[in-house]
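Novice: Take a look and give me a structure for this.
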Amino acid sequence: MTSLTVPFLDLRRASSLNRQETEQILARVLDRGLYILGPELESLEREFAEALGALFAAGVGSGTDALVLALEASGAVEQGAGEEVITSALSAAFTPLAIHRAGAVPRFVDVDPVTLQIDVSLIETCIGKKTRAIMPVHLYGHACDIQSIVELAGKLRLAVIEDACQAHGSYLAGKALGTFGRAAAFSFYPTKNLGAYGDGGMIVTSDPELLRRVKMLRHGGQDRPYHHELLGCCSRLDELQAAILRMKLQVLEECNRTRRKLADRYDEAFCGLDLVLLPPVPGFVPNRHLYPIRTPRRDDLRRYLQERGIQTLVHYPVPLPFQPAFRSLILPGQEFPIAQKASNEILSLPLYPELLEAELQYTIESVRRFFKD
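Specialist: As a prediction, the model looks like this:
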């Protein structure tokens, strides 16, 4: 094999392809002279909601802010009341941090051993008198069992706020992830399938009252200039980022199709090897945000690929209950064996639309050689 350097992700490739259009967008925004809560954001909100099949969307400063403000606007929790929100034990730490910022206590549930999504069968056992909401995560852009979660939450009168920060353009039973719960949060962090040139986030909902409260909360709690009805914050998606995202939204599905084709190549090439892939789900169309594989030999494989110039990442090396920031929240007797095992086995391979054929093939051949040696 010819030695190559394969970056895990190279954002410069997409930026170079979009440079001329990006310069035109910058000129358009500068010529207009409106930079906050202007027409670009209004258009993006409308177009993003339409793309997902939701009624409304509201742009905010980050995916984390989207989670916080969606939870606050739902009215499910109040600052200082000690109310609880259930979420997955395996995710980015920003999910429970958002719950904490909203004034609630995150309670973790272990993941399913096959899908690595929150285990619905364990949720009900974690529901207590202070539980007010469930914040399921569509990890890696794959779908958790959101239909069962919504059904359970409906019976128990709990709010469902979807963490769809990795799920732009994923569909379950013909419906976009992020449109099942009362509201959902999306992240526009640059590495996402729909990424800005900085931070950004979006709240999606079909609840007009929740939208009204979100729009006040993101703008200092104002219902009109200098009249603050709510204890809000400053979290607004700016006009330049909104304009960039409008451009990228037009090609999101095309990029996701490319990701799916690349992931299918990996799936086919790794069939029969001593590793575990995320299983296909009937009726689910993934956006293939990440391509994780699982093997007990993860650390050896990662070193092997690194020696050959192939970059990989681990999503996520420490389950949330074992993070120092959250250890005090774990109840006596709680264990998370599946999340702990998965965190020792998971490895994400390079996967993005600009990945070159030679890089893909080199990565495939390197992984296959590792398991055959």
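
Novice: Low-confidence stretches in this protein?
Specialist: Applying pLDDT under 70 to the chain flags residues 1-2.

Novice: For A81, give me its contacts.
Specialist: Going by Cβ atoms under 8 Å, 6 or more residues apart in numbering, A81 touches G103, A104. The way it works is simple: take the backbone N, C-alpha and C, and place the C-beta from them, glycine included.

Novice: On the three-state scheme, it is what?
Specialist: Here A81 is coil, with the state taken from DSSP: H, G, I helix; E, B strand; the rest coil.

Novice: Check the one 5 residues further on too.
Specialist: Under the three-state scheme (three-state DSSP), the conformation of I86 reads as strand.

Novice: Can you verify my assumption that P113 contacts A339?
Specialist: No - counting by Cβ atoms under 8 Å, P113 stays clear of A339, with 9.8 Å between them.

Novice: More neighbours: which of those two?
Specialist: Neighbour count, other Cβ atoms under 10 Å: between P113 and A339, A339 has more, with 26 against 13.

Novice: As a check, name the ranges of all helices in the stretch 101-250 of the chain.
Specialist: Assigned by DSSP state H, counting those that start in this stretch, the helices in the stretch 101-250 of the chain fall at 120-126, 146-156, 208-217, 239-249.

Novice: So which elements touch the third one?
Specialist: The reference is to helix 208-217. Judged by 3 or more Cβ pairs under 8 Å, 6 or more residues apart in numbering; DSSP states H and E, helix 208-217 is in contact with strand 56-60, helix 63-74, strand 201-205.

Novice: In CSV: these, plus mean neighbour count and distance to A153.
Specialist: Below are those laid out as CSV (neighbours: other Cβ atoms under 10 Å; distance: least, Cβ to Cβ, whole Å):
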stretch, mean neighbour count, distance to A153
strand 56-60, 26, 20
helix 63-74, 28, 12
strand 201-205, 28, 15
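
Novice: And those: which comes nearest N344?
Specialist: Closest to N344 of the helices and strands packed on helix 208-217, according to Cβ to Cβ: helix 63-74, at 26.5 Å.

Novice: Output that closest one in CSV, but only the C-alpha positions, please.
Specialist: What follows is helix 63-74, C-alpha atoms only, in CSV (Å, rounded to 0.1, in the frame of the first residue of the first chain):
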residue,chain,number,x,y,z
GLY,A,63,-26.2,23.8,19.9
THR,A,64,-25.8,23.9,23.7
ASP,A,65,-27.8,27.1,23.9
ALA,A,66,-30.5,25.5,21.8
LEU,A,67,-30.8,22.6,24.3
VAL,A,68,-30.9,25.0,27.2
LEU,A,69,-33.4,27.4,25.7
ALA,A,70,-35.7,24.7,24.4
LEU,A,71,-35.8,23.1,27.8
GLU,A,72,-36.4,26.5,29.5
ALA,A,73,-39.1,27.5,27.0
SER,A,74,-40.9,24.2,27.4
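
Novice: how many degrees apart are that helix and strand 201-205 in direction?
Specialist: Between helix 63-74 and strand 201-205, the angle comes out at 30 degrees (axes from the mean of the first three to the mean of the last three Cα atoms, to 10 degrees).

Novice: Helix 63-74 vs strand 84-88, what angle?
Specialist: Going by the same axes, to 10 degrees, helix 63-74 makes 140 degrees with strand 84-88.

Novice: Identify all contacting residues around helix 63-74.
Specialist: Residues outside helix 63-74 that contact it (Cβ under 8 Å, 6+ apart): 60, 77, 85, 94-95, 97-99, 101-104, 133, 135, 159, 161, 163, 165, 182-189, 200-203, 205, 210-211, 213-214, 217-218, 233, 235.

Novice: and with 6 Å instead?
Specialist: Outside of helix 63-74, the residues within contact range by Cβ atoms under 6 Å, 6 or more residues apart in numbering are 60, 94, 98, 101-102, 159, 161, 165, 182-183, 185, 187, 201, 203, 210, 213-214, 217, 235.

Novice: Stretch 173-192 now?
Specialist: Against stretch 173-192 from outside (Cβ under 6 Å, 6+ apart): 11, 52-54, 63, 66-67, 70, 74, 138, 143, 146, 150, 159-165, 167, 170, 195-196, 200-205, 207, 210, 283.
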